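J.: When you get a sec, could you give me coordinates for this:
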Amino acid sequence: MKNSAKAGNERKKNMIIAPKVKDFLCLTAHPEGCKKNVQKQIEYVRSHGAIEGNAKKVLVIGGSTGYGLASRIVAAFGCGADTLSIMFERMAKGKRTATPGWYNTAAFEEFAQAEGKYAKTINGDAFSKEIKDQTIETIRKDFGKVDVVIYSLAAPRRTAPDGVTYNSVLKTTGEDFTNKNLNLKDNTVELKTIPAATEEEVEATVKVMGGEDWKLWMEALSEADVLSENAVTVAYSYIGSELTYPIYFEGTIGAAKKDLHKAADDITEALKDKGVKAYISVNKGLVTQASAAIPIVPLYMSLLYKVMKEKGLHEGCIEQIERLFEEKKLLTDVQTDENGWIRLDDWELKDEVQDEVKRRWELVDTDNIQEYGDIEGYWDDFYHMFGFREEGVDYDADVDPAVVIPSLEA
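T.: Numbers count the residues shown, from 1 in each chain. Here you go, the predicted model:
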């Protein structure tokens, strides 16, 4: 009887998990779908063989989704590295699912540990001194030192060391900007006006999304002597097309990214005695939880996806990061432009791509968005972020939303 009661209680935990979308967010995530997504990325990396270079102990700051997750996968399954990741994710509670980053991390650790790879995760605010200290102690105990530090944080707010909390904004600088926008609620194309930010809002966005925290991380790791000689660190950025300059490169986010770019030079100079090199990787535009929230960008992404797919140039996060390590040689003879940046947006910014995207931008409206844009591709990528629309997953099956991350249970 006790076993039957226990089985009944276990069954009550399980439920059918469907996507619940509100604006540019999905409020649910599917554990099996997220696991399938991680598995596909691992298989992609494996198919490209081993990557040369010294990356045996890797720290990924923001390694649960997007480019950070892809970096952890490439490090572990392409470079054979032990990985430590920092994330800020929520476990499941009752009928509320965990965040996709939680499920991604659980799946990654399961796959890594099945092959005897070290994989540990710290869950908390990466901006805080507490998490920096905990990370350093973990490195000392388990690694000794790290060879590579990936900085891939995307957050709407940050509490700085002085105790002040800053909030980022998605606005232009200088003056208001009006242009076409894809309304994600009904896939209509309409005009959208983005207001100009105040000077205080620009400064706050730089505080959140700029390079200050990256520098604090590297200083802390160096002072604690947990950085290997000639270690490499890389942060991810985006510049994009002239079409999105007013809201992105010349907007509040762009101001923050410029500060991030400067931080790379500052870190390299500050840690030159140890031979540490800091790089900016300027990546391709993709559908992410961050980019979906930026006005005008979703329409650009939809057009870009279709054009790049037609030309056989489209890449997702894992393809980009595998190329960063393999083709751009992050770990050996790194390939940079005249600014010292690694350009993974090189295919996006090809003249043949941008000329066609700009041509379609002038013509696109609600009636022809399906013809000129890749709406299905956009939404597929959106749903994939949350573990939905993955082939081979039974979404009608009951699943337990409470998934354990092994290293957090230890």
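
J.: Can you tell me the SS state at residue 181?
T.: Here residue 181 is recorded as strand under DSSP: H, G, I helix; E, B strand; the rest coil.

J.: roughly how far apart are it and residue 168?
T.: As judged by CB to CB, to the nearest Å, residue 181 and residue 168 stand 20 Å apart. From N, CA and C alone the C-beta is placed, and that goes for glycine too.

J.: of these two, who's got more company?
T.: Taking other CB atoms under 10 Å, residue 181 and residue 168 do not tie; residue 168 has more neighbours (23 against 20).

J.: What separation is there between the more buried one and residue 390?
T.: Residue 168 is 31 Å from residue 390, where distance means CB to CB.

J.: neighbours of residue 302, just the number please.
T.: When neighbours are counted by other CB under 10 Å, residue 302 registers 27.

J.: Look up the closest residue to it, ignoring the ones flanking it.
T.: Nearest non-adjacent residue to residue 302, counting by CB to CB, 6 or more residues apart in numbering: residue 373, 3.6 Å away.

J.: again with residue 230
T.: Leaving out its chain neighbours, the residue that sits closest to residue 230 by CB to CB, 6+ apart is residue 275, at 3.9 Å.

J.: close enough to count as contact, residue 73 and residue 39?
T.: No - shown here, residue 73 and residue 39 do not form a contact pair, counting by CB atoms under 8 Å, at 10.0 Å.

J.: For those two, indicate the residue with more neighbours.
T.: Neighbours were tallied for residue 73 and for residue 39 using other CB under 10 Å; the higher tally belongs to residue 73 (28 against 17).

J.: what about residue 277, neighbour count?
T.: Neighbour count for residue 277, taken as other CB under 10 Å: 18.

J.: pretty sure it is touching residue 230, no?
T.: Yes - using CB under 8 Å, residue 277 is in contact with residue 230, at 7.5 Å.

J.: what's the longest strand in the protein?
T.: Secondary structure of the chain per DSSP state E: the longest strand is strand 227-237.

J.: counting contacts, what elements does that one pack onto?
T.: For strand 227-237, the packing partners by 3 or more CB pairs under 8 Å, 6 or more residues apart in numbering; DSSP states H and E come out as strand 146-151, helix 212-223, helix 252-270, strand 277-282.

J.: what is the orientation angle of it with strand 277-282?
T.: For strand 227-237 against strand 277-282, the angle by axes from the mean of the first three to the mean of the last three CA atoms, to 10 degrees is 20 degrees.

J.: Going forward, count from 121.
T.: Understood, numbering begins at 121; the last thing we discussed is strand 347-357.

J.: list the buried ones in strand 347-357?
T.: Using 16 or more other CB atoms under 10 Å as the burial criterion, the residues of strand 347-357 that qualify are 347-348, 351-357.

J.: what's the farthest-apart pair in these?
T.: Taking CB to CB as the measure, these span a maximum distance of 24.2 Å, between 348 and 357.

J.: How much space separates residue 511 from residue 159?
T.: The gap separating residue 511 from residue 159 is 11 Å, by CB to CB.

J.: Would you map the strands across the chain?
T.: 141-142, 145-146, 177-181, 202-207, 239-243, 266-271, 277-279, 285-287, 297-303, 308-314, 347-357, 397-402, 462-463.
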